[in-house]
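Chemist: could you look at this predicted model? Sequence included:
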Amino acid sequence: MSHSGLSRSILFIITCVVLLSGCLNRETPVEQMYQVLEEVVSAESIFEEQQDPLVTLEKNEKEIYNQIMAIGMKNHNEVVELSDEALLMVDKREEHLQKEKDSLHQARNKFEQVVDIKERIDDDNQRKSADELYNIMIQRYDAYDRLAKEYSKALINDKELYTILKNTDLSFELLEEKVTELNQKYMKVFEANEEFNKLTTKYNEKKRSFYNESGLKLESNK
């Protein structure tokens, strides 16, 4: 056999092997969805990492606020010092919030890849389940956007409160007004957070159900 004939034969064999390998390794739409959904979990890991630091900062800031209220105007210098400390904590909370937002923004972009994938699922029930899963997750991301917006507003009010607490001529009426306004803001934060948590639970339950319905018996069904 000539060198050219041998080369063509080798090329033919390699091509067949590549094509066969592609056929054997081709993932189904359900398997592709699984890969994307688990990548979303990884993309949200930074979001998850912000939870404990935020809770700690909120708790410590609350303790400082209580100290300021206990001192009142009896020791202005101490109130100023505590207010400055609280303001630094608010700044740190803003940093963690931004990391949360960036993490979920990236995760949402990743999750949007399932739009085309789920349309290729042949089984009607599985495709319907995938649609429901998608809709719940989008509602969850929208709920987080509302939560982040309300939390940002509350942080602005936090800064306003600690700033006026440093004023020597602060009136009780103004302080009461700011505290009332801040409490109202955090009530909205609480409500938005409840909705986000509810949708997170609903999504996780639907994801496990989708995996099971699709025959994906996986340890990472979480």
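Modeler: Right, received. Where do you want to start?
Chemist: contacts, neighbours, all on C-alpha from now
Modeler: Fine.
Chemist: list the contacts of Val179.
Modeler: Val179 makes contact with Leu161, according to CA atoms under 8 Å, 6 or more residues apart in numbering.
Chemist: what of Arg93?
Modeler: Contacts of Arg93 by CA under 8 Å, 6+ apart are Leu54, Leu57.
Chemist: angles on the backbone of it, please.
Modeler: As for Arg93, its main-chain torsions (degrees, to the nearest 10) stand at phi -60, psi -40.
Chemist: how close does it get to Tyr162?
Modeler: 15 Å (CA to CA, to the nearest Å).
Chemist: again, but for Gln50
Modeler: The value you get for Gln50 to Tyr162, if CA to CA is used, is 24 Å.
Chemist: just for this structure, where's the confidence low?
Modeler: Scanning the chain for pLDDT under 70 picks out the ranges 1-25, 217-222.
Chemist: where's the closest residue in space to Lys188 that isn't next to it in sequence, which helix or strand?
Modeler: The shortest distance from Lys188 to any non-neighbouring residue, by CA to CA, 6 or more residues apart in numbering, is to Glu150 (6.5 Å). Element membership of Glu150 [criterion: DSSP states H and E] is helix 124-164.
Chemist: which strands and helices sit next to that helix?
Modeler: Packing partners of helix 124-164 (3 or more CA pairs under 8 Å, 6 or more residues apart in numbering; DSSP states H and E): helix 76-111, helix 114-118, helix 172-213.
Chemist: and that helix, how far from the chain's centre?
Modeler: In terms of CA atoms, centre = their mean, to the nearest Å, the centre of helix 124-164 is set 8 Å apart from its chain centre.
Chemist: just want the angle from that helix to helix 76-111.
Modeler: 160 degrees (axes from the mean of the first three to the mean of the last three CA atoms, to 10 degrees).
Chemist: quick one, helix 124-164 and helix 172-213 angle?
Modeler: Helix 124-164 runs at 160 degrees relative to helix 172-213, counting by the same axes, to 10 degrees.
Chemist: ok, the spatially closest residue to Ser83 that is not a sequence neighbour - contacts?
Modeler: Among residues not flanking Ser83 along the chain, Tyr162 sits closest, at 5.2 Å (CA to CA, 6+ apart). Neighbouring residues of Tyr162 by CA under 8 Å, 6+ apart: Ser83, Asp84, Ala86, Leu87.
Chemist: now those residues in JSON lines, with neighbour count and distance to Asp123?
Modeler: Below are the contacts of Tyr162 laid out as JSON lines (neighbours: other CA atoms under 10 Å; distance: CA to CA, whole Å):
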{"residue": "Ser83", "neighbour count": "23", "distance to Asp123": "60"}
{"residue": "Asp84", "neighbour count": "17", "distance to Asp123": "60"}
{"residue": "Ala86", "neighbour count": "24", "distance to Asp123": "56"}
{"residue": "Leu87", "neighbour count": "20", "distance to Asp123": "55"}
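Chemist: nearest to Glu177, of these?
Modeler: Ser83 (17.8 Å; CA to CA).
Chemist: give the contact list for the closest one.
Modeler: Per CA under 8 Å, 6+ apart, neighbours of Ser83: Ile64, Tyr65, Ile68, Tyr162, Thr163, Leu165, Lys166.
Chemist: name the residues that touch stretch 134-143?
Modeler: Outside of stretch 134-143, the residues within contact range by CA under 8 Å, 6+ apart are Leu104, Arg108, Val114, Val115, Ala192, Glu195, Phe196, Leu199, Thr200, Lys202, Tyr203.
Chemist: thanks a lot, see you next time.
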